[in-house]
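Asks: How does the following fold in three dimensions:
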Amino acid sequence: MAEHNPNSMAARIAEAKPFVVTAKTQPSSLKVPLDLLDDNPYQPRSAMDATKLQELAASIQSNGLLQPIAVKREGERFIIIAGHRRSEAYKRLRDAAAEGERSKWAEIPALEVAGVDATRMATLAFVENEQRENLSILDTAMAVSRMLDDRLYETVEAAAGALGKSITRIKDLRRLSRGSAVVKQAIGAGLRVVVGSNDDGTDRHEVRRLEFAHALAFLSIHDHFVKQGVAVRKADSRVEASMRRALAANWSSKRTEEYARDIIKGEAKLEEADADTAPESLFTDTAARFTIDKRRLGGATEAQRTALRAAVAALLAETGQPAA
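Replies: Next comes the predicted model:
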C-alpha cells in the first residue's frame with residue numbers, strides 16, 4: 001500500500017501538544033544509513049504482517065518513499081520516532097537487491113526532530129501505528145500500560161487525553177494488560193475450537209480470537225473466582241473451557257456479558273473443566289504452537305489421553321501428515 005500525505009508526519013509533530021516547535025526542534029531532512037537506526041523503545045507493535053510489509057516494499061520500489069520516517073539523534077545513531085514499517089521495508093529491499101543495487105536502499109529519507117523526550121516518542125509511535133494500521137487490542141493494551149508503568153503519564157486521565165481515548169477505555173486496556181494470561185492468549189493468538197464435523201465424522205477445528213468486550217467479561221469471571229479463593233491454575237482452566245464454548249458458538253458480547261454477570265451472582269455455573277479433569281490441561285493449542293505438558297501425562301485420566309490423541313491426530317491431519 002503506497003504511503004501518502006508527505007507532510008502529515010511533520011505537521012503532526014509540529015502541532016502536537018505539549019511539544020512546541022522552535023528553531024531548535026524544527027524537523028530537518030536528511031538520509032540515514034539503515035545500519036544506524038534503532039527501534040523506538042516504546043514501539044507498540046509486537047509483530048508486522050509479512051504480506052502487508054511485502055506490499056509496502058513493492059510500493060516503495062515502484063513509486064519511491066513518499067513520506068520520510070521521523071527520527072531522533074542519539075549520539076552517532078538515530079532512534080525511529082515513527083516509520084518502523086517503512087524502515088523495515090527498506091531493509092528488505094536492500095537485502096533482496098543485487099550487489100550493485102544495494103546502495104540505493106542503504107539510506108532512508110528521514111526527518112530529524114530534536115527535543116523529543118520519552119513521553120513524546122511513546123505517544124507519537126502509538127498514534128502513528130494506530131493511524132496507519134490498527135494495532136491489535138493486546139498490543140494497544142500493553143503499550144498503554146507500559147506508558148503508565150514508566151510514569152510517562154502520571155494519571156489515567158492524562159494518558160486518555162494524550163492518546164485520544166476515553167478514561168474508561170484506558171482503564172479497560174489497563175485491566176487487559178494486567179489480566180489472566182489465558183485470557184490474553186485468547187484475545188491475542190486465539191484458541192483452537194471445534195466448529196463442526198468433517199465429511200469423515202472427525203471434528204473440524206478453527207482458531208478463533210476473543211473480541212475486547214468478551215475478554216473483559218471473562219477477566220471479570222477469572223478475577224471473581226480468584227478473589228473467592230480458587231487457585232489461579234484452576235480458574236485458568238475453567239475460564240479457558242468457557243471461552244472455548246463461547247468462541248465455538250459465536251456468542252455475542254451481550255450474551256457473554258450476561259453469562260459473566262450470572263456466574264458472578266451465582267445464578268449460573270462455570271464450565272466443568274477444572275485443572276484436574278480438563279482435557280485441555282494436558283496440552284496448550286494456539287495458532288502458532290501445540291505444547292504437551294509431559295508432567296501431567298503420568299496421572300492423566302483416560303478421557304484426557306483420548307482428548308490428547310484426538311487433538312494430535314487432528315493437528316497432523318491439518319498439516320497433511322499421517323496420524324501413525
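
Asks: switch to C-alpha atoms for all contacts and neighbour counts from now on
Replies: Fine.

Asks: how deep is residue 201 tucked in, by neighbour count?
Replies: By the criterion of other Cα atoms under 10 Å, residue 201 has 8 neighbours.

Asks: Would you verify that it is located in a strand?
Replies: No: with DSSP: H, G, I helix; E, B strand; the rest coil as the criterion, residue 201 is located in coil rather than a strand.

Asks: Distance check, it against residue 232.
Replies: 36 Å (Cα to Cα, to the nearest Å).

Asks: Ok, residue 37 next?
Replies: 42 Å.

Asks: Show the pLDDT at the residue nearest the centre of the chain.
Replies: Central residue of the chain (Cα atoms, centre = their mean): residue 139, 3.6 Å from the mean position. Here the pLDDT value assigned to residue 139 is 86.

Asks: which residues does it contact?
Replies: Neighbouring residues of residue 139 by Cα atoms under 8 Å, 6 or more residues apart in numbering: 44-46.

Asks: what does the model give residue 88 for pLDDT?
Replies: So, for residue 88, pLDDT stands at 90.

Asks: for the one 3 residues further on, same thing?
Replies: What the model reports for residue 91 is a pLDDT of 92.

Asks: buried set for the helix or strand encompassing it?
Replies: Assigned by DSSP states H and E, residue 91 falls within helix 84-96. Neighbour counts over helix 84-96 (16 or more other Cα atoms under 10 Å) mark 84-94 as buried.

Asks: now stretch 255-273
Replies: 256-257, 259-261, 263-264, 270-271, 273.

Asks: swap in stretch 48-55?
Replies: Result for stretch 48-55 [16+ other Cα under 10 Å]: buried residues 53-54.

Asks: swap in stretch 243-250?
Replies: 243-248.

Asks: And it, how far out from the chain middle?
Replies: 21 Å (Cα atoms, centre = their mean, to the nearest Å).

Asks: Low-confidence stretches in the stretch 101-250 of the chain?
Replies: 129-134 (pLDDT under 70).

Asks: Now do the helices in it.
Replies: All helices of the stretch 101-250 of the chain, identified by DSSP state H, counting those that start in this stretch, fall at 118-132, 137-149, 156-163, 167-178, 181-188, 212-227, 232-248.

Asks: Determine the set of other helices and strands touching the fourth one.
Replies: What it means is helix 167-178. helix 137-149, helix 156-163, helix 212-227 (3 or more Cα pairs under 8 Å, 6 or more residues apart in numbering; DSSP states H and E).

Asks: and the angle from the longest one to helix 167-178?
Replies: Per axes from the mean of the first three to the mean of the last three Cα atoms, to 10 degrees, the angle that helix 212-227 makes with helix 167-178 is 60 degrees.

Asks: again, but for the first one
Replies: With the same axes, to 10 degrees as the basis, helix 137-149 and helix 167-178 are set at 100 degrees to each other.

Asks: same thing with the second one?
Replies: Angular relation of helix 156-163 and helix 167-178 on a 0 to 180 degree scale: 100 degrees, by the same axes, to 10 degrees.

Asks: could the helices of the stretch 101-250 of the chain go into JSON lines alongside distance to residue 63?
Replies: Below are the helices of the stretch 101-250 of the chain laid out as JSON lines (distance: least, Cα to Cα, whole Å):
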{"stretch": "helix 118-132", "distance to residue 63": "18"}
{"stretch": "helix 137-149", "distance to residue 63": "30"}
{"stretch": "helix 156-163", "distance to residue 63": "32"}
{"stretch": "helix 167-178", "distance to residue 63": "38"}
{"stretch": "helix 181-188", "distance to residue 63": "34"}
{"stretch": "helix 212-227", "distance to residue 63": "37"}
{"stretch": "helix 232-248", "distance to residue 63": "43"}
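
Asks: Does residue 126 touch residue 44 like I think?
Replies: Yes: contact status for residue 126 versus residue 44: in contact at 6.2 Å, counting by Cα atoms under 8 Å.

Asks: any residues in contact with both of these two?
Replies: With Cα under 8 Å, 6+ apart as the test, residue 126 and residue 44 both reach residue 143.

Asks: Name whatever forms a beta bridge with residue 73.
Replies: residue 78 (DSSP bridges).

Asks: Closest to residue 197 out of the buried residues of stretch 243-250?
Replies: Of all those, residue 248 has the smallest distance to residue 197: 12.4 Å, by Cα to Cα.
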